[in-house]
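Colleague: pasted the sequence and its predicted model underneath.
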Amino acid sequence: MSPHGHGFSGAANLPMGGRMRVRHSSRCGLAVGLASVLACIAAGPAAADPPSEVLAPLAGAPAPAGAETPAAEQPAPEAPSLAPAPAPPRRSLASRQPDFPKSPGLVPRVEFWKRIYSEVDTGGGLLHDANDLSLVYEVVRLPSDPSTRVRERFLRERREHYQAILERLASGRRSGLDAEEQRVLSLFPAGVSEDTLRDAAGNVRFQLGQADKFRAGLIRQGRWEHYMRGVFAERGMPVELASLPHVESSFDPAARSHVGASGLWQFTRSTGRLYMRVDHVLDERNDPWIATEAAARLLHANYERTQSWPMALTGYNHGIAGMDRAERQLGTRDMATIIERYRSRSFGFASQNFYCEFLAALEVEENADRYFGPLQREAPENPEIVVLDGYYRPKTLAATFGVSLERLRETNPALLDGVWTGERHVPKGYALRVPRDPLRAAPAVVLASIPTQERYVEQVREAEYRVKRGDTFSSIAARFGVRTDELMAANGIRRANRLRVGQVLQIPGHGRTVAVAEAAPEPAPRATKTESAQGGVVRVQSGDTLGRIARRYGVSEQALAAHNGITDTSVVKIGQKLEIPGESVDTRAAPAASYGDAEQTRVYTVRRGDTLDDIARRHGVTPRSIAALNGLRSAHRIKAGQRLVLPER
């Protein structure tokens, strides 16, 4: 996805007369002007190129295997938990060499990024050669004036200063050189050719420093490090992969890029929808636990395809299909050779350096005390989890669990602004995380104490508008007083030209009152923390493992396997029914790959102008669940008058 994990990497190609290329989050994404580099300095992380593999959606965030002790040695848990697994020990540079080789050809690039991550903060950067990263002309300090125009002019002048010197040297001039010209010439090998100097004049590039961002990321990393390392260890993957967010986002879950990448792992919106729920209620890209699971699956898929961790990592940024092309063209998986010889319009500075940035981040992280002095890392997060059995207002949940609304929002970053402003409810089936409180009853008991009138049977319904001839997104947005981008996001539409007469749009912020769950069961009587019902069956969902199901329902993996006669704990099948020992399970409330996709017979007759996406949004379900329930192979093959069975919301 995208390199540079510190708020801003500001990578910028600055050839004479050309455009600056900027990558952010740390690169700010695509080819843009120098003004964008400077504007991104304060904006924080993070751009990302879309990953290449389509993964099943994820839901919930179970802790990795190893988090529980044997069943005989622990009391029955009160609620599912994200207790961090014991982090596998760090490996030395030599011991991880087989997985992450650092060949001599990569050393100059790795050393360059170590300087960016540890020596130069975002108040400055390096002017360097874009191809030979050992060639650094100047350590630049940006003007204190925060004006983009002032800094842009300053950087342009410094770039042109070195271009002029290199062009004079390329003309063959060797006598009568001033001190600055002699210094620049001394950076090159003796007898350097005029062609080399001429090429260098067109390769002067600025890279923003990241040391302050990296230091902040090291401190934040403590919140998720053990969990993330456990996720990779559970899959038999190198645990060092858990350090990739240093490159992507500086471990900032609020990291955003101007191209729409979001969260610790910097998934773009379009890619995120392939993995997770991303809509105008939930954006699971922002959930560190769910996004880590998604990133692990993507990296594992990349490795299965390439059998090379350097290739898999570079594919995370560049796309795995591009790495396949590189291997076919060059007949090698050696990363140094690919960087040196592979040529593609999309294989630019960002992709060329992604693997080396990762290696540099590992080395700086492992030697953090040397570079930054002693650091006080943030404590690991270990919230309790309760799966919601209905729709709730966030204020109701916060008050019931005895936490502030701000704290509840902090522990549930996937819930978007519309939920917190009251325009939408927290959805049914959502795995709510609440800060742990030893004096509070089990989360399920607390949830059951919410009065009936505070529970809702369905999501707030958006007002609907049918598109007429001559309408545009901007005109419809103006009519209802909403932003155009909000209107498009609420309807899952990325391009403004995807609008047609008869199309039904949901209008965000114009919800209608939803009936209270009058028939909802009365809250269960309060119970002590040791009470537990018996029996219960769950159905295996896409992405489940035996360990995740065990943690979800608070039992050990060994006990779950033994109770169901399972000898190979690595094999469970989608749709397989498992009985949960010693627990009462409401399968309708269990976290699944898509919230509320259990089958129920509701029938909808397709109207003229409908699409599967329209129908899914209108009824609060996913297009995939409708297609699966009705045996649709193509989302485009529906027609007016067709009757579709709809899943439960």
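Modeller: Perfect, I can see it now.
Colleague: quick check: the gap between residue 235 and residue 95.
Modeller: Counting by C-beta to C-beta, to the nearest Å, the separation of residue 235 from residue 95 is 19 Å. For glycine as for every other residue, the C-beta is placed from the backbone atoms N, C-alpha and C.
Colleague: swap in residue 486?
Modeller: Separation of residue 486 from residue 95 (C-beta to C-beta) stands at 50 Å.
Colleague: also residue 191?
Modeller: Counting by C-beta to C-beta, the gap from residue 191 to residue 95 is 41 Å.
Colleague: could you do residue 450 as well?
Modeller: Distance, residue 450 to residue 95, using C-beta to C-beta: 52 Å.
Colleague: which of those two has more neighbours?
Modeller: A side-by-side neighbour count of residue 450 and residue 95, using other C-beta atoms under 10 Å, places residue 450 first with 20 against 10.
Colleague: so that one sits against residue 392, correct?
Modeller: Yes - under the criterion of C-beta atoms under 8 Å, residue 450 makes contact with residue 392 at 7.1 Å.
Colleague: centroid-nearest residue for this structure?
Modeller: residue 265 (3.3 Å; C-alpha atoms, centre = their mean).
Colleague: looks like that residue contacts residue 285 (just checking).
Modeller: Yes - judged on C-beta under 8 Å, residue 265 makes contact with residue 285 at a distance of 7.4 Å.
Colleague: got any residues that touch both of those two?
Modeller: Shared contacts of residue 265 and residue 285 (C-beta atoms under 8 Å, 6 or more residues apart in numbering): residue 291.
Colleague: mind checking the end-to-end distance for stretch 639-647?
Modeller: By C-alpha to C-alpha, to the nearest Å, the extent of stretch 639-647 from end to end equals 19 Å.
Colleague: tell me the contacts of residue 503?
Modeller: With contact set as C-beta under 8 Å, 6+ apart, residue 503 has these partners: 466-467, 609, 611, 614.
Colleague: confidence score at it?
Modeller: Residue 503 carries a pLDDT value of 88.
Colleague: same check on residue 259?
Modeller: You'll see residue 259 listed with a pLDDT of 79.
Colleague: repeat that for the one 5 residues further on.
Modeller: The predicted structure scores residue 264 at 96 on the pLDDT scale.
Colleague: cool, residue 409 as well?
Modeller: We have a pLDDT of 96 for residue 409.
Colleague: would you mind giving the secondary structure of it?
Modeller: Put simply, residue 409 is helix when judged by DSSP: H, G, I helix; E, B strand; the rest coil.
Colleague: can you report how many residues lie near the residue nearest to it when sequence neighbours are not counted?
Modeller: Of all residues not flanking residue 409 in the chain, residue 420 sits nearest, at 5.7 Å (C-beta to C-beta, 6 or more residues apart in numbering). Residue neighbour count, defined by other C-beta under 10 Å, stands at 17 for residue 420.
Colleague: residue 420 is in contact with residue 397, isn't it?
Modeller: No - at 11.2 Å, residue 420 does not count as touching residue 397 under the criterion of C-beta under 8 Å.
Colleague: secondary structure element holding the closest residue to residue 567 other than its chain neighbours?
Modeller: Spatial nearest neighbour of residue 567, excluding adjacent residues (C-beta to C-beta, 6+ apart): residue 561 at 7.5 Å. In the assignment (DSSP states H and E), residue 561 maps to helix 557-563.
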